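> from the sequence below, what's the structure:
(one chain, ligands or ions: 1)
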Amino acid sequence: MRILVKGAGVAGLTVAWQLYRHGFDVTIRERAEKAGAGASGFAGGMLAPWCERESAEEPVLTLGRLAADWWEAAVPGHVHRRGTLVVAGGRDAGELDRFAGRTSGWEWLDDAGISALEPDLAGRFRKALFFRQEAHLDPRKALSALTAGLEEGRMRFLFGQVGEPNEDRYDRVIDCTGASRIGHMPELRGVRGEMFYLETGEIKLSRPVRLLHPRHPIYIVPREKNRFMVGATMIESEDAGPITARSLMELLNAAYALHPAFGEARLAETGAGVRPAFPDNLPRVTEDGNTIHVNGLYRHGFLLAPAMAGEVARRLVAQQQQPERRAS
Ligand SMILES: Cc1cc2nc3c(=O)[nH]c(=O)nc-3n(C[C@H](O)[C@H](O)[C@H](O)COP(=O)(O)OP(=O)(O)OC[C@H]3O[C@@H](n4cnc5c(N)ncnc54)[C@H](O)[C@@H]3O)c2cc1C
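So this is what the prediction gives:
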C-alpha cells in the first residue's frame, strides 16, 4: 500500500514510523524545509501522563503511559526516565495539595528528598511531589532521529511542498497537518503556547520541574549544553506570532522564583506554537473518503502521538487484510 503522510510534526512522523515498521511504502510531504517546524518544535517533550491528569481526562493517562517505551524503541537513547518534580512557593503550598488530589503516581518529598534529586534546589522548597514514572526527551532531537531513521529505511521526504497534483496515486493519505486544519475541520481550535530557552551554567537540573502557581504555573525542562526550555502559556488563539512582552515577563518572573540563577541566564531563543485541540482536548483519528486525519493532540503531542499512530496502523493493516470489505 502506498501512503502519503502530510505534515512532518510529531503526528506525521510517528504515523510514518509506525507504518514503515508495518512494511507500508511511505512518502512524507512537509510544507516547511525541515521536520518539526510547527508546534512540535516548540514542545517541552515531557512524557508526563500522571502530571497531566491534573487537568486532562483519563485517556491521557491510559494512552500516554506507554509513550516512553514507544519513543525508546523508535529512537533509542533519547528518552530520559528521571521523573518529574513538582514544587510550589511558600505562599502557594496549597497548590501542591490540590495537585496531589487530582493526580496519582506521586510521592511526597521533603527538603532532603528534593536536594537528593536536585541538589541546586536545596533549601528552596519545603516539600514537593515526585512523579517517579515520568520521562522526557528533546523534541527536536527525537524528531531528527525519527526523520533519519525513516530516510535510512528509504522512505521519501518531500520538504517545502504543500501540494501535488497526483495525490490519487497513493492508496491512502494521512493528514497530520495540525493547526493548519483549523477552519477546515469542525470544532478544531488553536491553543497558543509561548516558550523560551534560557542558557546558564549556574544551575543544573536533571529532570523537568513544574512550579505551581494559581495564575502563572511554569515548567522548566533541562536540555543539553546548559539550556533550559521554559514554558508555556495556554492562550485560546491561533496566533503563532512571536512571544508577547507580558508572557515573557510572567514566565521569566516564574523562572526566577524557581531559582535566582535564571536571572543571570542568557535568553537564547523565544518562540510560540499553536496546539491543535478539539473541545474535549483529546486527539482524534477520523476518516474522510481516502484521507485519515490525525489531529487535536493539544498539549500532548509527544505523549499521545504514539497511540494515535498505532490506531492508524491498526486500521490500515485491517483494511489491507480485508480489501474487499473496503471496496464494498
Ligand atoms: C510550548 C509548547 C509546549 C508543549 N509541550 C509539550 C510536552 O511537553 N509534551 C507533549 O506531549 N506535548 C507538548 N506540546 C504539544 C505538542 O507540541 C503538540 O501536541 C504537537 O506538536 C502537535 O503535533 P502535530 O504534528 O499535530 O502538529 P505540528 O507539529 O504543528 O505539525 C504539523 C506539520 O504540518 C505541516 N503542514 C501544514 N500544512 C501542510 C500542508 N498542507 N502540507 C504539508 N505539510 C503541512 C506544518 O508545517 C507542520 O510541520 C507542547 C506544545 C507547545 C506549543
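
> and the closest residue to residue 25 other than its chain neighbours, how many neighbours?
Closest residue in space to residue 25, ignoring its immediate chain neighbours: residue 2 at 5.0 Å, by C-beta to C-beta, 6 or more residues apart in numbering. Backbone N, C-alpha and C define where each C-beta goes, glycine included. If you count neighbours by other C-beta atoms under 10 Å, residue 2 ends up with 11.

> ramachandran coordinates for residue 2?
Dihedral pair for residue 2: phi -90, psi 130, per degrees, to the nearest 10.

> I'd like the distance between it and residue 168.
The gap separating residue 2 from residue 168 is 11 Å, by C-beta to C-beta, to the nearest Å.

> for residue 149, same thing?
28 Å.

> likewise residue 239?
35 Å.

> thought residue 103 was touching residue 50?
Yes - using C-beta atoms under 8 Å, residue 103 is in contact with residue 50, at 5.7 Å.

> find residues that contact each of the two.
residue 131 (C-beta atoms under 8 Å, 6 or more residues apart in numbering).

> get me the contact residues on this protein for the ligand.
6-12, 29-32, 37-40, 42-46, 162, 176-180, 193, 195, 231-232, 273, 275-276, 297-303 (C-beta under 6 Å from any ligand atom).

> in the stretch 201-328 of the chain, which spans are strands?
Ranges of strands in the stretch 201-328 of the chain, per DSSP state E, counting those that start in this stretch, are 209-212, 218-222, 227-231, 235-236, 266-277, 284-288, 291-295.

> same question, the stretch 51-200 of the chain
Under DSSP E, counting those that start in this stretch, the stretch 51-200 of the chain gives strands at 84-88, 107-110, 127-131, 135-136, 156-159, 172-175, 189-199.

> next, residue 46: phi, psi?
According to degrees, to the nearest 10, residue 46 has phi -80, psi 130.

> which one is residue 121 nearest to, not counting chain neighbours?
residue 114 is the one closest to residue 121 (C-beta to C-beta, 6+ apart), at 5.5 Å.

> what does the pLDDT read for the one you found?
In this model, residue 114 is scored at 98, pLDDT.

> save the strands of the stretch 201-328 of the chain as TSV, and put in mean neighbour count too.
Formatted as TSV, those follow (neighbours: other C-beta atoms under 10 Å):
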stretch	mean neighbour count
strand 209-212	23
strand 218-222	24
strand 227-231	23
strand 235-236	12
strand 266-277	19
strand 284-288	14
strand 291-295	22
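
> format these as TSV; extra columns: mean pLDDT.
Below are the strands of the stretch 201-328 of the chain laid out as TSV (pLDDT from 0 to 100):
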stretch	mean pLDDT
strand 209-212	97
strand 218-222	98
strand 227-231	97
strand 235-236	98
strand 266-277	98
strand 284-288	97
strand 291-295	98
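
> tell me which of the ones you listed lies nearest to residue 130.
When the strands of the stretch 201-328 of the chain are compared by C-beta to C-beta, strand 209-212 sits nearest residue 130, at 10.5 Å.

> who does that closest one pair with, and is each partner parallel or antiparallel?
Sheet pairing of strand 209-212 (DSSP bridges) gives strand 84-88 (parallel), strand 218-222 (antiparallel).

> just the residues contacting the last one, thanks.
Counting contacts by C-beta under 8 Å, 6+ apart, the residues outside strand 218-222 that touch it are 44-46, 136, 204-211, 228-232, 251, 254-255, 258.

> with stretch 66-78 instead?
14, 17, 47, 49, 79, 81, 134-135, 137-138, 141-142, 145-146, 149, 302-307.

> distance between that stretch and the chain's centre?
Its chain's C-alpha centre and that of stretch 66-78 lie 14 Å apart, by C-alpha atoms, centre = their mean, to the nearest Å.

> stretch 171-181 too?
Mean-position distance between stretch 171-181 and its chain equals 18 Å (C-alpha atoms, centre = their mean).

> stretch 302-313 too?
12 Å.

> and residue 99, how many neighbours?
19.

> kindly reformat the strands paired with strand 209-212 as CSV containing distance to residue 59.
What follows is the strands paired with strand 209-212, written out as CSV (distance: least, C-beta to C-beta, whole Å):
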stretch, distance to residue 59
strand 84-88, 20
strand 218-222, 22
